Each structure stands twice: as C-alpha cells, then as structure tokens.
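Novice: Predicted model and sequence below, questions to follow.
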Amino acid sequence: MSSPTRRTVLRGLALAAAATAVPLPAFASASTSASAFAEYVPPLRQMRGMWIASVVNINWPSKPGLTADQQKAEYLAWLDLAQVRKLNAVFVQIRPTADAFWPSPFEPWSQYLTGTQGQDPGYDPLAFVVEETHKRGLAFHAWFNPYRVSMQPDPSKLHPDHPGTKHPDWIVPYGGKLYYNPGMPEVRAFVQDAMMDAVTKYDIDGLHFDDYFYPVNTTAFDDSAAFAKYGQGFPDLAAWRRNNVDLLVQEMQQRVRQAKPEIAWGISPSGIWRNKTTDPLGSDTGGSQSYDNLHADTRGWVKKGWLDYIAPQLYWYIGQSNADYAKLVPWWSDVAAGTPTQLWIGQAAYKAGAAGQPAQWFQPDELTRHLTLNRDHPQVGGDIWYNSGDVRDDRLGSVTTVVTDHYTRPALGPLLPRLAGGAAPRRPVLVWARRVDGGAELRILATGRDTPFQYAIFRLDRHARPEDFADARNLVAVVPADRHVRWVDPAGTRGAYYYVTAVDRANRQSPPSQGRRVQW
C-alpha cells in the first residue's frame, strides 16, 4: 500500500467502526456477561474470516448489472463490515459457476457481474478486491467452485465460447444444474488450469474450495461413459468417484505449492465425514456423510497432509440430535491433532434468528457458546462465518455478542506450520511514541527493501521481555503497513512502553523494534 506522501495516518482501532454505517446493536448474551469473559484473552493468532458469496448474487455484487463504481462501493462496505466485526480475512467467491471475476483465458466473465455471461464489466474485479482488501490489512482468500458449471440445466444457455459449449461431453446435468464431469482427466486438468490462472496472476493469500464435488451418490448423475472408460480396477462407482476427488485435491496441493508456496490451500467441507454407525472412525452423528454422499474423503485429506487447513461447516446447534456441535468439534480436533493441517470452524451465522430455524437458533448466545466450547480444543485455530450478509444483519445481536465475548483483542492471522521457519521480515524502526491530543502517537518506519504487510503494535507498562510478544494481552493493534506509518493509540497513557513487529503476508513476524516510552 502506498500514497503520494508514503504516509499512512491511522487513529486506532476505533477508525474501523467510524468508517462505516453498519449498526452495532448492544444486545447482551442470554447466558453470559462481560464479567464472565473479563479474564479471557484471545489467542495471539486466530482465523477470523467471513465468506462473501457471489453465486446468484447472494452477497456481492448484490445484483447483476451494477456499474463498476457501484460494485466497488459495495465491496468496500463489506471490508468496512469485516473491520467492524474485528475480522482479519475474507473468503471471496470469484469462480462461482465455471466463470470468472477476472479476465480469464479459460472461462467467460461471470453473469453475476453484468447479468450476461461473457460481458466485460469494464474493470478487473479480482484485481480491485485483492488490492482493497490488502489496503485494510486483511487477508484475501480466493474461493472457487471446481465443478459447478451453471445454476440452470440448459447447456444451450451457456456462452458460445464457454468450455462446456465447446466440449459438451464434459457436461453432466443433474438436479436442475450443470456440472463438469470430475471423472474425465482432461476436465480435472482444465479446472485446475482455470483456477491456477487466478493464483498465478493475482496477489491472493489463499486458494479455497467449499463443499461441492460430486452432487449426489447415485447413477442419476450420469457419468457411466467416463466410468466405463476410466473406472477399471475400482470395486464400484463410488470408489472411483472418490479417487477422482482425491486426485483433484492432491494435485491442487502440488500445483499451489509449486506456483505460490506461501499461500494457504484449504477446503471447507460438509461437517460430517462419516457417522459412527457406518464407520467406527466416524463421529457420533446421524447426518449426511460427505465420504459417501459427496465422494469427499475429508478425514483422509487431513491425515494425508494434502491441505494447509480444513474448515468443516459445523452448521448445527449445541445438542442437535443428529449432528451435535459439541460432539463434532472434539471429533474434528482429534482428526487434526498431530497433522500439519490447521482446523478452522465454519460457523452458521445464517441460521441465527432466521425464519424457519429451530428454537435453539433463536437463543442470542448460541453462536457465542460455540466459540466458548472451541476454547477447550486447542486444535481449533479460529472460525469463518457464513455469510457476510448475516454477519452484517446480526439478527438477535448474535454476531455482536460473539465479537464482544471473544474478539476482545486484535489477532494476527494463522501461521502455517510449513512456513514458520521461513525468512521473517526485517524489524521496523519505532522512531517515537509521544503524547498527542487523544492518546499516544507512534511513528513507524519500515527497513529493508520490502514493505511489510502489517505492523503488530504491543503496549506494556514496563520494558518488554521476549515472552511478552507471545501474549495477546499486550497486542493493542494490527495495522496496515507502509514505509512510513503514524498511528495513534487512543488508550495511550503517560509512561507506556511500545514495541512494533513487522508482519509479512504469510503472517511471519519480525523481531520487535526497540521500545519507546511515551514522552508526555
């Protein structure tokens, strides 16, 4: 991030709230209070993300055909919301239906931009959203759907230059939609090429899949010709389909590591691998099994180390009979334990206070209780909220309650274990910490040739010890970096000591700057 003067002036964390008109209702949790959480200190590192969905214009753009300026303004409002809710990452859907939110040589422009598939929106949306997200000091994860082609069933309605039009044998209709056939090697290679185009051309922080692979475990999804050609040696159709998905996951890991080794690669699958009644390794649940119904061996991917993270969609309430959140979090924690795969939890903000949901989802504290339960499982490294519209709407004040109870401090993003030993950024220079009207002002200078992604600012009432920089109680802000930053801490007081670390895009930290005591 840069400016003509190479100067960034930030007035504390309160600026994020002031920059947006998103309301923050002051609802209190039904079963917890501020005092109950007074001693809780969040982890220094934690995933705090939200999904921004583009398919059928769920979140962004809010409808097709908006002007480029309208689309940009809407996206900036989502970033305002992320900052208000004290999040540190967004997961933005940029390839919802075998189309693209960037000028792709492989697939047409998305219809959800202009209303017409293949029509140029007049700017590069992906370039814009990546740049603006990084300006806020937020991580950008590019969300892809690998095999879904269209939300309608008629291939003739695809753009004339669409790969599905040129290769009709690649397309399988099912359930009123169109899909690429995952069983064809040329299809698997093509969808990887289409997604890797965005990975290689844009400065993204992660490549993300959700839970859509095969849509069903029946022959109604007619891939019989591909099975006859490629399925030799497999005991049945399901085993062959599962191997096809395994190949996609394994090959994507290899291609991402080769092209952009410092970005995160992960999947947010359906929350149940298998039920214990089906498989003794399964969870104590009775819901739909992704291993069987979607041909997604989610547990196997974690155990084989094919993912940097997994974010199971645990969209059930605590105590739900067929899928109890309180049973699934320990099960997934056990799966992730001892592996290089980080565990983040997909949270159902969309169910809280929503019409038609069971009574449990009308308890304002249901979601905050989820994060309280997560604290007992150190494998859980954070949460991703579905979706941004529900994070904004905050029915029952449930999201506000989560923020008040659990996001009491800023948090650095997760550090992937495989990157922990990489070269850290150079330590910044803290030129001064001095009194100004409204608090204490810090002046920070970058060193070396590369500008860091963020600065992590620590405040103590004494000189720091090495262990103080691992204690989130001392972290007062994580701010976007530039070569020269001035930042005002509204809570700065006489005699406080400040230290700053530089943080790179992989979330590695530099050694701390020299300390500065506030001059009054």
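Specialist: That came through fine.
Novice: contacting residues for the closest residue to Val503 other than its chain neighbours?
Specialist: Spatial nearest neighbour of Val503, chain neighbours left out: Gln454 (4.1 Å); criterion: C-beta to C-beta, 6 or more residues apart in numbering. Glycine gets a C-beta too; all of them are placed from N, C-alpha and C. Applying C-beta atoms under 8 Å, 6 or more residues apart in numbering, we find Gln454 in contact with 137, 412, 478-481, 502-503.
Novice: Over to Gln454: give its phi and psi.
Specialist: Here is the backbone geometry of Gln454 (degrees, to the nearest 10): phi -140, psi 160.
Novice: Closest one to Val436 out of the contacts of Gln454, please.
Specialist: Distance ranking of these against Val436, using C-beta to C-beta, places Val479 first at 16.3 Å.
Novice: Work out for me the element that closest one sits within.
Specialist: Assigned by DSSP states H and E, Val479 belongs to strand 475-480.
Novice: who does that strand touch, helix- and strand-wise?
Specialist: strand 8-10, strand 454-460, strand 484-489 (3 or more C-beta pairs under 8 Å, 6 or more residues apart in numbering; DSSP states H and E).
Novice: okay, the angle between it and strand 484-489?
Specialist: Using axes from the mean of the first three to the mean of the last three C-alpha atoms, to 10 degrees, the inter-axis angle of strand 475-480 relative to strand 484-489 is 140 degrees.
Novice: Which parts of the stretch 151-300 of the chain are strands?
Specialist: Taking DSSP state E, counting those that start in this stretch, the strands of the stretch 151-300 of the chain run over residues 171-174, 177-180, 206-209, 264-267.
Novice: Okay, now the sheet partners of the third one, with direction.
Specialist: For strand 206-209, sheet partners with direction are given as strand 139-144 (parallel), strand 264-267 (parallel), following DSSP bridges.
Novice: Mind putting the ones you listed into a markdown table with mean pLDDT, distance to Tyr317 and mean neighbour count?
Specialist: As requested, the strands paired with strand 206-209 are exported to a markdown table (pLDDT from 0 to 100; distance: least, C-beta to C-beta, whole Å; neighbours: other C-beta atoms under 10 Å):
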| stretch | mean pLDDT | distance to Tyr317 | mean neighbour count |
| --- | --- | --- | --- |
| strand 139-144 | 98 | 25 | 24 |
| strand 264-267 | 98 | 23 | 24 |
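Novice: Make CSV from those strands and add distance to Ser333 to it.
Specialist: Listed next are the strands paired with strand 206-209 as CSV, based on distance: least, C-beta to C-beta, whole Å:
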stretch, distance to Ser333
strand 139-144, 22
strand 264-267, 16
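Novice: Quickly list what Arg517 is bridged to.
Specialist: On the basis of DSSP bridges, Arg517 is bridged to Tyr497.
Novice: ok, it - how many residues close by?
Specialist: By other C-beta atoms under 10 Å, the residues close to Arg517 number 16.
Novice: I'd say it and Gly495 touch.
Specialist: Yes: using C-beta atoms under 8 Å, Arg517 makes contact with Gly495 at a distance of 6.4 Å.
Novice: wait, what's in contact with Ala496?
Specialist: 433, 440, 459-461, 517-518.
Novice: And for Gly118?
Specialist: 108-109, 159-162.
Novice: Kindly report the same for Pro182.
Specialist: Counting by C-beta under 8 Å, 6+ apart, Pro182 has contacts 146-147, 188, 213-214, 223, 241, 244-245, 248.
Novice: What is the nearest of those to Lys229?
Specialist: Nearest to Lys229 among those, counting by C-beta to C-beta, is Asp223 at 10.0 Å.
Novice: And for that closest one, the neighbour number?
Specialist: Asp223 is flanked by 22 other residues according to other C-beta under 10 Å.
Novice: circling back to that earlier point, which one of the strands of the stretch 151-300 of the chain lies closest to Ala337?
Specialist: Per C-beta to C-beta, nearest to Ala337 of the strands of the stretch 151-300 of the chain: strand 264-267, 17.1 Å.
Novice: Look up the closest residue to Pro173, ignoring the ones flanking it.
Specialist: Spatially, and ignoring its direct neighbours in sequence, Pro173 is nearest to Pro153 (5.1 Å; C-beta to C-beta, 6+ apart).
Novice: again but with Ala470, I slipped
Specialist: The shortest distance from Ala470 to any non-neighbouring residue, by C-beta to C-beta, 6+ apart, is to Leu44 (6.1 Å).
Novice: and the closest residue to Ser104 other than its chain neighbours, what is it in contact with?
Specialist: Spatially, and ignoring its direct neighbours in sequence, Ser104 is nearest to Asp197 (5.7 Å; C-beta to C-beta, 6+ apart). Listed by C-beta under 8 Å, 6+ apart, the contact set of Asp197 reads 102, 104-106.
Novice: Look up the pLDDT of Asp197 for me, please.
Specialist: Looking at Asp197, its pLDDT reads 98.
Novice: And it, how far from Ala446?
Specialist: Note on Asp197: its distance to Ala446, by C-beta to C-beta, to the nearest Å, is 32 Å.
Novice: mind checking pLDDT for the most centrally placed residue in the chain?
Specialist: Taking C-alpha atoms, centre = their mean, the centroid of the chain lies closest to Phe91, which sits 4.1 Å from it. Model confidence at Phe91, given as pLDDT, is 98.
Novice: Could you do Phe37 as well?
Specialist: 44.
Novice: After the lowest-mean-pLDDT helix or strand in the chain, which helix or strand is next?
Specialist: The weakest-scoring helix or strand in the chain, judged by mean pLDDT, DSSP states H and E, is helix 14-18 (a mean of 38). With elements assigned by DSSP H and E, the helix or strand that comes after helix 14-18 is strand 47-52.
Novice: List of residues touching that following strand?
Specialist: Identification of contacts with strand 47-52 by C-beta under 8 Å, 6+ apart yields 59-60, 78, 81-82, 85-93, 139, 141, 143, 309, 342, 344, 349, 381-388, 391, 407, 411, 413-414.
Novice: I'd like to know which of these are buried.
Specialist: Buried subset of the contacts of strand 47-52 (neighbour count, 16 or more other C-beta atoms under 10 Å): 59-60, 78, 81-82, 85-93, 139, 141, 143, 309, 342, 344, 349, 381-388, 391, 407, 411, 413-414.
Novice: now the strands: where do they sit in the stretch 351-500 of the chain?
Specialist: 380-386, 429-436, 439-445, 454-460, 475-480, 484-489, 497-503.
Novice: I'd like to check the angle between the first one and strand 47-52, please.
Specialist: Between the axis of strand 380-386 and that of strand 47-52 there is an angle of 20 degrees, by the same axes, to 10 degrees.
Novice: Note down every partner strand of strand 380-386 and its orientation.
Specialist: Note on strand 380-386: by DSSP bridges, its sheet partners are strand 47-52 (parallel), strand 342-348 (parallel).
Novice: could those strands be laid out in TSV, adding distance to Pro173 and mean pLDDT?
Specialist: TSV is the format used below for the strands paired with strand 380-386 (distance: least, C-beta to C-beta, whole Å; pLDDT from 0 to 100):
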stretch	distance to Pro173	mean pLDDT
strand 47-52	27	98
strand 342-348	29	98
